[in-house]
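Trainee: coords please:
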Amino acid sequence: MIGLKLTAFVLFVIWGSLFARKAPVHSPNIRNCKEHEFNAAPAAAIFNEQKKPADNKWQSHFQRWMEITAAHSSGGEQFIIENPAWNRAAIRHDDAQMHYKEFIHRCIQEGQPTLVSQIPKEVGNGVFWFDDAQMLTQFDERYEVTAVHGKAIHEYLSDIPPFSLIVIAVRDDGSQALNHHWQEILGRFGVRQLTREHLRHSYINVIYKRSQHEYESLFECASEDLLELQLGAFDKLNNFIIPVDVHIVSAGLSCGNTAKIMIEGTDYSPNTRGMNIVSYNLIDQQVEYQLCIDTFITLYVPETIYRAVRKEA
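Mentor: Alright, predicted model coming up:
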């Protein structure tokens, strides 16, 4: 009976929100846009792959690598910079170890690309592939870096269904990848107060996705101090009734270095550097997606594959 009442209440809240006084704001088609550091190529289905069974994850991961590098085999000597996470996964999981070994064998057998643990100093004009976002700091302005497989943050937010609450909590820092181009894009999704001027700041945003193209920020704050927002079921947030218990904590590097997004007592935050994002589906009454995008250095989801090529003089 309680469940039926809660469902009816949630549907009533959603129905009422459709007639709220705020006019719809439709974001334009901004897929595959360009920005100063990276050129966003067509995004693939990493978002949906998060729901794949674990035993298929590593097989599809390394298969994707072979397909992408085979499709871009021209343009000089090819190098794949190994991600330390591959080896860690191989130690912990037998299936990851098996597919990692197969991947290494295929690279050796086919001769290209060459697997390396770091950028070879003696090679200046090769093509470098990697999916460890930390490597982005190793390529200076002499290289053109392209995201060839993976979703940008605005594509990720676009894929979240309407009638969802989107909660963002920053750990460490989530600002330094936000140049003016990305600030303009994210502003259309309700992210407006976080800029590069907020280095190592705490940041919380609670966004209601009203429709496919309409995002309303119910609460947004950036601060040098730790931020905490706690709401009980049926509490109001900017005149929106929150149907579940929510407890959010964000702490920048110098004031706690943590991020918590607790819904009904369970913490869904990945709690890593950048924007920790959790979406709660108001229709299904459940957490649907959670991930962290390291917006200190990138605006792309984890496991995005990048390609770095030295620019012509």
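
Trainee: Can you show me the helices along the stretch 51-200 of the chain?
Mentor: Secondary structure of the stretch 51-200 of the chain (DSSP state H, counting those that start in this stretch): helices located at 54-71, 84-92, 94-110, 153-159, 180-187.

Trainee: Can you tell me which of these is nearest to residue 289?
Mentor: The closest approach between residue 289 and any of those, judged by Cβ to Cβ, belongs to helix 153-159 at 8.2 Å. (C-beta placed from N, C-alpha, C; glycine too.)

Trainee: How far away from the center of its chain is that closest one?
Mentor: 8 Å (Cα atoms, centre = their mean, to the nearest Å).

Trainee: Next: stretch 169-184.
Mentor: Stretch 169-184 sits 12 Å away from the centroid of its parent chain (Cα atoms, centre = their mean).

Trainee: what do you get for stretch 136-156?
Mentor: The mean C-alpha position of stretch 136-156 is separated from the chain mean by 13 Å, Cα atoms, centre = their mean.

Trainee: hang on, the earlier thing: columns mean pLDDT, distance to residue 264 and mean neighbour count on top of the helices of the stretch 51-200 of the chain, output as TSV?
Mentor: TSV is the format used below for these (pLDDT from 0 to 100; distance: least, Cβ to Cβ, whole Å; neighbours: other Cβ atoms under 10 Å):
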stretch	mean pLDDT	distance to residue 264	mean neighbour count
helix 54-71	80	25	16
helix 84-92	90	30	14
helix 94-110	87	32	15
helix 153-159	97	23	20
helix 180-187	96	28	16
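
Trainee: Mind listing what's buried along stretch 129-149?
Mentor: 129-133, 135-136, 139, 145-149 (16 or more other Cβ atoms under 10 Å).

Trainee: Please apply the same query to stretch 109-119.
Mentor: By neighbour count, with 16+ other Cβ under 10 Å as the criterion, the buried positions of stretch 109-119 are 113, 119.

Trainee: hmm, who's touching that stretch?
Mentor: Contact with stretch 109-119 is made by 69, 73, 77-82, 104, 107, 127-129, 138, as judged by Cβ atoms under 8 Å, 6 or more residues apart in numbering.
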